[in-house]
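Visitor: when you get a sec, could you give me coordinates for this:
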Amino acid sequence: MISKFKKSLPIQIIFYINNIALILLMTHFDLEGFMALWFFSPFLLYMFSLTFYTEIRMTSLHKIKKLIKLEFSMRTAILFINLVILSFHNTGTPSFFINLIVTLMAFFLLFKLNNMINSNQSAIREAYSNHAHNFSEKVPNHKQATTLMALIGYLNTIIILLPAISIVLFRVLGKDHRWIVFLMALILLTIYFYLNEKKFYLYNAHYKFRDNIMLFIGIAIILIFQGHIHIDTDTFNFLAVFVGAIFCLPTFITNQSIIDELKQFHSSDL
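Guide: Numbering: from 1, shown residues only. Next comes the predicted model:
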């Protein structure tokens, strides 16, 4: 956990500074060319820094958990605020000050968190070791393993079909009836999160928060670009779909790692 925090700290700092720079530049330039590429940088930086957040359950130090969750909530909130601001081209002084205030608060939290982690290294390492040992002893039985395999199949199917069907329906239904696509996406996402919760209940993996949030961001990117920015146009934003797909990859990776581990313990049954 300590090493992951040290590695993720520069990325977290760059995330906030990059947001301010993007807001300022969007005030003077359109979302085209290089600026269109830069639009996705906050999401990529957010994705790279998520791994550390999944480690919070590895420590029993409540104060550290509280600070990590608070900073993570701020980072997630400002990401979506900026997504709305930039999608509707509503940049300006209020947007800049919102980002500046959040950045200053985040820097204070990161500084405080860094000091707390440095002063509690031995306790953190002990908690991490105990958690890893307890986790290794929890192996799903045959019935649970079979259920897990079925859940993973359903989840992977939803992840593939949701963006694909949405893109097609946006072009077929157009702007006037796009609410049908958003409603369908909401229903499928609700089903996905319900099934994913059951999956992680049976298999105590570390990446539930990371996978859920990253998948939601990936789907949101695709829906916003195809259902709002490029609706009723002849353009198809391959970059938005590509970046959205990248955000969905961690869930596929987690599901595959669960399958591989289950096969190791139940190789003769699955």
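
Visitor: report the rounded mean pLDDT for the top helix by length along the chain.
Guide: Scanning the chain for the helix with the most residues, using DSSP state H, yields helix 142-173. Taken as a whole, helix 142-173 has a mean pLDDT of 85.

Visitor: which strands or helices does the helix or strand following it pack on?
Guide: Once the chain leaves helix 142-173, the next helix or strand it forms, by DSSP states H and E, is helix 178-202. Here helix 178-202 touches helix 142-173, helix 208-224, going by 3 or more C-beta pairs under 8 Å, 6 or more residues apart in numbering; DSSP states H and E. Any C-beta I mention is one placed from the backbone N, CA and C, and that applies to glycine too.

Visitor: same list (the ones you listed) but as CSV, adding distance to Leu110 and mean neighbour count.
Guide: Output for the helices and strands packed on helix 178-202, formatted as CSV (distance: least, C-beta to C-beta, whole Å; neighbours: other C-beta atoms under 10 Å):
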stretch, distance to Leu110, mean neighbour count
helix 142-173, 32, 16
helix 208-224, 19, 21
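
Visitor: which of those sits closest to Pro250?
Guide: With C-beta to C-beta, the closest approach to Pro250 among those belongs to helix 208-224: 5.3 Å.

Visitor: so which elements touch that closest one?
Guide: helix 41-53, helix 62-87, helix 142-173, helix 178-202, helix 238-265.

Visitor: and those: which comes nearest Lys7?
Guide: Counting by C-beta to C-beta, Lys7 lies closest to helix 41-53 out of the helices and strands packed on helix 208-224; the figure is 7.8 Å.

Visitor: now that closest one: mean pLDDT?
Guide: 72.

Visitor: so Thr190 versus Phe80, what's the distance?
Guide: Distance of Thr190 to Phe80, computed by C-beta to C-beta, to the nearest Å: 18 Å.

Visitor: no wait, Gly218
Guide: 13 Å.

Visitor: do the same with Leu169
Guide: 24 Å.

Visitor: so where's the stretch 51-200 of the chain shaky on pLDDT?
Guide: 51-60, 84, 86-93, 127-140 (pLDDT under 70).

Visitor: picking that back up, quick one: list the elements packing against the longest helix of the chain.
Guide: Against helix 142-173 (3+ C-beta pairs under 8 Å, 6+ apart) you get helix 178-202, helix 208-224, helix 238-265.

Visitor: tell me the angle of that helix relative to helix 238-265?
Guide: 170 degrees (axes from the mean of the first three to the mean of the last three C-alpha atoms, to 10 degrees).

Visitor: and helix 142-173, how far from the chain's centre?
Guide: 18 Å (C-alpha atoms, centre = their mean, to the nearest Å).

Visitor: now the angle from that helix to helix 208-224?
Guide: Using the same axes, to 10 degrees, helix 142-173 lies at 20 degrees relative to helix 208-224.

Visitor: specify the angle between helix 142-173 and helix 178-202 in degrees.
Guide: Using the same axes, to 10 degrees, helix 142-173 lies at 170 degrees relative to helix 178-202.

Visitor: what residues go with each domain of the protein?
Guide: As assigned by automatic domain parsing, the chain contains the domains 2-135, 139-265.

Visitor: how much space separates Gly227 from Val172?
Guide: 12 Å.

Visitor: err, Leu22, not the other one
Guide: When Leu22 is compared with Val172 (using C-beta to C-beta), they lie 33 Å apart.

Visitor: name the residues of stretch 248-257 that are buried.
Guide: Buried residues in stretch 248-257, counted by 16 or more other C-beta atoms under 10 Å: 248, 250-252, 254-255.

Visitor: export the helices and strands packed on helix 142-173 to TSV and tack on distance to Gln144?
Guide: Shown next, in TSV, are these (distance: least, C-beta to C-beta, whole Å):
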stretch	distance to Gln144
helix 178-202	5
helix 208-224	17
helix 238-265	9
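
Visitor: closest one to Ile160 among these?
Guide: For these, the distance to Ile160 is smallest for helix 238-265, at 8.8 Å, taking C-beta to C-beta.

Visitor: average model confidence for that closest one?
Guide: Helix 238-265 comes out at a mean pLDDT of 76.
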